[in-house]
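[1] A predicted structure for the sequence below; I have some questions about it.
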Amino acid sequence: MTHASDKISVLIVEDEMMVAMHLAMMVRNLGHEVIGIAVDSKNAVLLAEKKPDLALVDCNLRDGHTGPQVARHIADKAESHVVFITADPQRVMEPANDHPAILGVAPKPVNDNDVAELLGFAHAIRRSMASAKPPAILRSLRR
């Protein structure tokens, strides 16, 4: 069970509704809050106004390969951390890879344990725990 102080808010940016709903279910089952699901860049920007603690972002959305730009916007404007979850991790490129709030990329598909580890890592980073170790599934985008 998650304590209130350990609960984080998550924005899911994913255009495949079955994948998005499964991610949302995993997040909620872990005791965290899903503030919304965005299927395109416009909705992602709108939902980011809620300032989630973490955004899980796919690269390809309904309006094209807009995930990297959405991620940068969420990191800059909402001051949220971002993890890409995508079937094509090689497509995550600028402008995403140089922003400190963008934690990395995880390849699809992800399971419950992967999501638990990603959320735990994001929570530790938000609490400024410099010793937080990234989960094995998370690939850094830093060069």
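    Nice, thanks for sending it over.
[2] what's near enough to touch the residue nearest the centre of the chain?
    Taking CA atoms, centre = their mean, the centroid of the chain lies closest to Leu56, which sits 2.0 Å from it. Going by CB atoms under 8 Å, 6 or more residues apart in numbering, Leu56 touches 10-14, 23, 82-85, 118. For every residue, glycine as well, the C-beta is placed using N, CA and C.
[3] and Pro134, by the same measure?
    So Pro134 contacts 103-104, 121, 140 (CB under 8 Å, 6+ apart).
[4] now with 10 Å?
    Contacts for Pro134 (CB atoms under 10 Å, 6 or more residues apart in numbering) come out as 83, 103-104, 106, 117-118, 121-122, 124-125, 140.
[5] confirm that it sits in a helix.
    No: using DSSP: H, G, I helix; E, B strand; the rest coil, the assignment for Pro134 is coil, not a helix.
[6] if I look at it, how far off is Met18?
    27 Å (CB to CB, to the nearest Å).
[7] sweet, I'm off.
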